[in-house]
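# can you look at this prediction? I've put the sequence above it.
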Amino acid sequence: MAAESGAFGESDPMDGRLNESTIAHSPHAFVTKRGDPVVITPLEEARAEALEAMYLAYEPRNAFWGLPPIRDDACRRWVRGMIANGLNLVALSMDAGIVGHAALFPMQADACEMLVVVSPAFQNRGIGTQLARCAVQLAHEVGFGRIWLSVEATNLRARHVFRKCGFEDLARHGEVEVEMGLDVRRLHDPSQVRVGALMTRQVVCAHADMPCRAAVDLFLSHPIGAMPVLDRRGRVAGIISQTDLLMPGSLSKKVGALMTRQVMAAREDWPLARVIRLFHSRRIRCVPVVDGRQRLVGVIGRKDVLSYYAGRT
């Protein structure tokens with residue numbers, strides 16, 4: 001970490017660039033997977049004690065590489081050190097206050113180290129992903145070209161979140177630790193972002209032998225206009241839309257009889273530019289994403305691309 005300076009002062013040029021950043025002027029608001037409204041914003045001096053309180057309440061202490069420190073006085077010193085030496089973002093819940101924290105710590109040249117922590121009671125709701133994306137955007141705006149972080153090798157969920165944000169494995173230290181890195185300049189070329197980082201993994205889908213009446217129930221209960229159709233092995237066999245079910249007598253048939261069988265599918269490793277060209281050339285709104293065995297792993301649509309663009313501006 002850098003030498004200690006004024007935690008919220010203007011003595012450090014980085015502080016000035018943080019105050020001029022997009023997130024300082026337009027905090028990032030979103031709804032978690034459980035419907036909780038959350039706002040991500042730069043840490044203000046008035047919330048420093050609340051950030052301490054989040055870490056003091058963290059259970060279990062000593063959860064990652066001896067952090068947060070077990071002793072309360074050591075924990076407070078650690079938090080104050082992060083405030084003094086880093087660029088800090090916090091995730092604010094309307095009901096619970098600070099529920100997440102992300103920090104960037106300058107390293108050599110144009111690189112920085114990133115830390116992302118979510119309060120245990122609020123984990124697995126998408127807050128960590130949103131914090132990481134905001135921190136990456138902030139790193140780009142203040143002039144960092146590379147980001148480094150370290151994650152426990154067994155923390156597969158965290159590693160997945162960071163990969164979604166563009167990080168790649170750099171080195172592995174036995175069974176304990178994985179170093180990950182991100183070239184911020186490459187990531188901000190939209191054409192190089194991979195489909196797997198943007199696609200939706202929880203997909204509403206039908207099966208070829210499903211009655212069409214059951215497919216209608218899926219359409220009525222989900223805000224979708226079309227959905228993939230799978231065969232018994234989980235492979236994409238076609239696609240069915242609401243329009244396919246509008247003809248008289250369609251409800252008495254099976255989905256496989258009405259679905260469109262010639263379906264263009266994307267792969268997780270496709271660059272974003274390729275799927276955008278597919279949207280334009282085929283005049284379609286979304287495509288299923290498959291693995292090497294044609295098994296469904298997700299869906300990517302125009303809204304996913306637009307949401308990514310919106311998150312970068």
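Okay, I see it. Numbers count the residues shown, from 1 in each chain.
# only C-alpha atoms for contact and neighbour calcs from this point on.
Fine.
# please identify the buried residues of the lengthiest strand in the chain?
Criterion DSSP state E: the longest strand present in the chain is strand 97-106. Neighbour-count burial for strand 97-106, counted by 16 or more other C-alpha atoms under 10 Å, picks out 98, 99, 100, 101, 102, 103, 104, 105, 106.
# ok, the closest residue to the first one other than its chain neighbours - contacts?
Distances taken as C-alpha to C-alpha, 6 or more residues apart in numbering put residue 92 closest to residue 98, at 4.6 Å, once the chain neighbours are dropped. By C-alpha atoms under 8 Å, 6 or more residues apart in numbering, the contact set of residue 92 is 38, 39, 40, 41, 98, 99, 100.
# quick one: mean pLDDT over stretch 236-252.
Here stretch 236-252 scores 92 as its mean pLDDT.
# my bad, stretch 107-123
Mean predicted lDDT for stretch 107-123 stands at 92.
# now do the end-to-end distance for that stretch.
End-to-end span of stretch 107-123 (C-alpha to C-alpha, to the nearest Å): 28 Å.
# and for that stretch, what's in contact with it?
For stretch 107-123, the external contacting residues (C-alpha under 8 Å, 6+ apart) are 1-2, 54-55, 58-59, 99-106, 127-128, 131-132, 135, 143-149.
# which parts of that stretch are buried?
Of the residues in stretch 107-123, those buried by neighbour count under the rule 16+ other C-alpha under 10 Å are 111, 112, 113, 114, 115, 116, 117, 118, 119, 122.
# JSON lines for these, including distance to residue 248 and secondary structure?
Output for the buried residues of stretch 107-123, formatted as JSON lines (distance: C-alpha to C-alpha, whole Å; DSSP: H, G, I helix; E, B strand; the rest coil):
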{"residue": "111", "distance to residue 248": "62", "secondary structure": "strand"}
{"residue": "112", "distance to residue 248": "62", "secondary structure": "strand"}
{"residue": "113", "distance to residue 248": "61", "secondary structure": "strand"}
{"residue": "114", "distance to residue 248": "58", "secondary structure": "strand"}
{"residue": "115", "distance to residue 248": "57", "secondary structure": "strand"}
{"residue": "116", "distance to residue 248": "54", "secondary structure": "strand"}
{"residue": "117", "distance to residue 248": "54", "secondary structure": "strand"}
{"residue": "118", "distance to residue 248": "52", "secondary structure": "strand"}
{"residue": "119", "distance to residue 248": "53", "secondary structure": "coil"}
{"residue": "122", "distance to residue 248": "48", "secondary structure": "helix"}
